[in-house]
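In: the following block contains a protein sequence and its predicted model.
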Amino acid sequence: MGQYIKTLYFVIFLMMLANFSKADICGPEFDQQKPAKTSIEIDAAQTDDEKSVFIYFDQSLSMQGFTKLQPGEDNYYIDLLDDLQQIAENVGSKTFYHSFGKRIEPIKQNKIAQVTKPTFYECEEATASCNNQESKIHLPFRQAEDISNGTFIIVTDLFLSNKQLVSTSRTQLTKPLKSILKNGKSIGIIGVMNSFNGTIYDIPTREGGTISFTEAKKRPFYVIVIGDQKEINKVKKNLEEQHFDGDEDKYKFTLVTSTPVLQNLNQSELISENNISQNITKSENFKLEFEKDKLPIYFFNAKRKNKSISLKFDNSDIIVPGSTGVSEFKINNTLWSSQKTNCRKIDHDNDWKKDKRTNISTLEQTDENLEIEIFKEIPLKKLFWGKRYFYFAEIYAQSPGNISEETFKEWSISDAEAESFTESNPTEYKTLNLDKIIKILNSVANEEFTPTLVASIALNFELEK
């Protein structure tokens with residue numbers, strides 16, 4: 001008899017526990033989307049084991065002017081190239097050096113110092129054999145496509161004519177880029193305004209020919225890094241610390257990536273009481289609880305006279321620094337109601353009624369924040385009081401932006417502008433078609449972009465009169 005009583009008590013205890021669990025859920029059944037991999041997760045999944053670094057130096061003749069000092073102007077080029085060896089060792093286990101122009105040629109370890117000398121860019125052979133007459137930037141990109149487990153650093157002036165960015169030539173650049181981005185890699189572009197003492201060749205004219213220019217005292221060169229974002233940031237940080245002291249006026253940076261979303265706020269546990277408006281945190285019976293998959297649920301009592309419920313997230317927690325950013329966010333939301341207001345008495349299978357309306361809230365992105373006005377489209381005063389409501393929302397990064405395109409705009413000239421710009425005898429010479437190059441890179445990255453879940457939140461509240 002005693003054993004029977006014990007068993008009975010145990011069964012009753014399990015039933016009570018089940019009821020408590022059901023009461024704790026206090027919400028309807030719904031599907032919660034699993035977040036896709038974001039920038040932080042992609043980087044975390046990468047390993048550094050036996051990863052090699054491949055460095056490519058543009059050997060075209062116009063690069064020679066960076067190696068000659070210009071009185072009164074800062075020269076970063078020589079010191080930066082010297083430091084690249086040490087930076088490469090911090091990134092990978094082995095480093096391989098190359099020059100590129102018409103073709104790619106390996107550079108022996110004991111010959112690397114020549115890159116900072118003017119003679120490296122000269123050629124005494126027949127023109128057909130020289131490697132300093134062209135700058136086929138797609139060649140290093142193609143090798144980066146073939147060797148996925150590597151970091152690639154390209155030093156170049158990015159001075160590309162319009163004919164190199166159209167038709168077959170454009171495809172030669174975009175095809176490997178698509179593959180690189182699809183594999184989770186990104187492309188960092190660091191631009192440095194540097195002293196210049198030489199000749200800029202192949203400047204297009206209005207009539208279709210080309211001219212040269214020798215009066216420039218400054219022009220930018222670029223360090224392009226292809227790899228994981230953590231490696232790109234490591235190179236960028238090293239260059240900043242060694243040469244620029246964090247002074248961003250001396251250089252520019254942009255990140256071309258198909259994953260401009262830094263992280264999912266739920267998975268990174270960055271959603272708290274601070275994200276919701278104070279009129280809710282100060283309301284009666286307010287509490288914040290986390291359910292499965294780290295879903296935050298805000299519990300509170302609301303009054304119909306409440307004008308708004310707002311959520312605010314920092315863009316710096318969502319968007320990869322220096323990237324194109326996000327131009328459009330989207331919110332998918334659903335609302336349920338129950339005649340029963342006491343959570344412990346609600347049968348989550350039968351008592352919740354789904355609202356047919358889905359246009360409930362609005363999104364607005366400012367320079368600093370992503371702001372969500374909940375019940376902006378369906379005000380609380382239009383809901384029935386004396387009920388319990390459950391609101392569930394998922395926020396997606398829907399479209400990539402173009403923030404990075406503005407970064408280098410002032411350093412760019414087009415083919416059509418080149419001759420008149422040269423005739424103005426500028427001391428600071430711009431980069432040919434830089435704006436177009438950045439747009440092409442971003443366009444390919446945008447094609448590989450997929451909508452990304454940024455955050456999931458829920459509100460569970462009793463609506464009072």
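Out: Now that the structure is in, tell me what you want to look at.

In: when you work out contacts or count neighbours from here on, use the C-alpha atoms and nothing else.
Out: Fine.

In: quick check, pLDDT for residue 395.
Out: Predicted confidence (pLDDT) for residue 395: 97.

In: then residue 349?
Out: pLDDT, read off for residue 349, is 76.

In: burial measure for the nearest residue to it once chain neighbours are set aside, as a count.
Out: Nearest non-adjacent residue to residue 349, counting by C-alpha to C-alpha, 6 or more residues apart in numbering: residue 28, 6.6 Å away. Neighbours of residue 28 under the rule other C-alpha atoms under 10 Å: 22.

In: same check, this time on residue 271
Out: 21.

In: ditto for the one 10 residues further on
Out: Neighbourhood size, residue 281 [other C-alpha under 10 Å]: 18.

In: right, and it touches residue 272 too?
Out: No. Using C-alpha atoms under 8 Å, residue 281 is not in contact with residue 272, being 10.7 Å away.

In: what are the ranges of the strands in the stretch 51-200 of the chain?
Out: 52-58, 94-100, 104-107, 150-156, 186-195, 200-204 (DSSP state E, counting those that start in this stretch).

In: who does the last one pair with, and is each partner parallel or antiparallel?
Out: In the sheet containing strand 200-204, the strands it pairs with under DSSP bridges are strand 210-213 (antiparallel).

In: give me the pLDDT value at the residue nearest the centre of the chain.
Out: In the chain, the centroid-proximal residue (C-alpha atoms, centre = their mean) is residue 260; its distance is 2.7 Å. Note for residue 260: predicted pLDDT of 92.

In: how about it, phi and psi?
Out: Note on residue 260: backbone dihedrals following degrees, to the nearest 10 are phi -80, psi -10.

In: residue 430 versus the nearest residue to it once chain neighbours are set aside, what's the distance?
Out: Of all residues not flanking residue 260 in the chain, residue 320 sits nearest, at 5.2 Å (C-alpha to C-alpha, 6+ apart). Look at residue 320 and residue 430: by C-alpha to C-alpha, to the nearest Å, they are 27 Å apart.

In: cool, residue 32 as well?
Out: Applying C-alpha to C-alpha to residue 32 and residue 430 gives a distance of 50 Å.

In: the more surrounded of these two?
Out: residue 430 (23 against 13).

In: need the pLDDT of the residue nearest to the more buried one when sequence neighbours are not counted.
Out: Among residues not flanking residue 430 along the chain, residue 411 sits closest, at 5.0 Å (C-alpha to C-alpha, 6+ apart). As predicted, residue 411 sits at a pLDDT of 95.

In: would you check that residue 411 makes contact with residue 428?
Out: No. The criterion here is C-alpha under 8 Å, and residue 411 misses it with residue 428 at 9.3 Å.

In: out of those two, which sits in the busier spot?
Out: Per other C-alpha under 10 Å, whichever of residue 411 and residue 428 has more neighbours is residue 411, with 19 against 16.

In: quick one, phi/psi of that one?
Out: phi -100, psi 10.

In: can I get stretch 95-114 as CSV, trimmed to CA atoms?
Out: Extracted in CSV, the C-alpha atoms of stretch 95-114 (Å, rounded to 0.1, in the frame of the first residue of the first chain):
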residue,chain,number,x,y,z
THR,A,95,54.6,33.3,-47.3
PHE,A,96,55.1,33.2,-51.1
TYR,A,97,56.0,36.4,-53.1
HIS,A,98,55.1,37.2,-56.7
SER,A,99,55.1,40.1,-59.1
PHE,A,100,52.4,40.6,-61.6
GLY,A,101,51.9,42.6,-64.8
LYS,A,102,51.3,40.8,-68.1
ARG,A,103,51.8,37.6,-66.1
ILE,A,104,52.6,36.3,-62.6
GLU,A,105,56.2,35.6,-61.7
PRO,A,106,57.6,34.3,-58.4
ILE,A,107,60.0,36.3,-56.4
LYS,A,108,62.7,34.6,-54.4
GLN,A,109,62.9,35.3,-50.7
ASN,A,110,66.3,37.0,-51.0
LYS,A,111,65.1,39.3,-53.8
ILE,A,112,62.0,40.8,-52.0
ALA,A,113,63.9,43.9,-51.0
GLN,A,114,64.1,44.8,-54.7
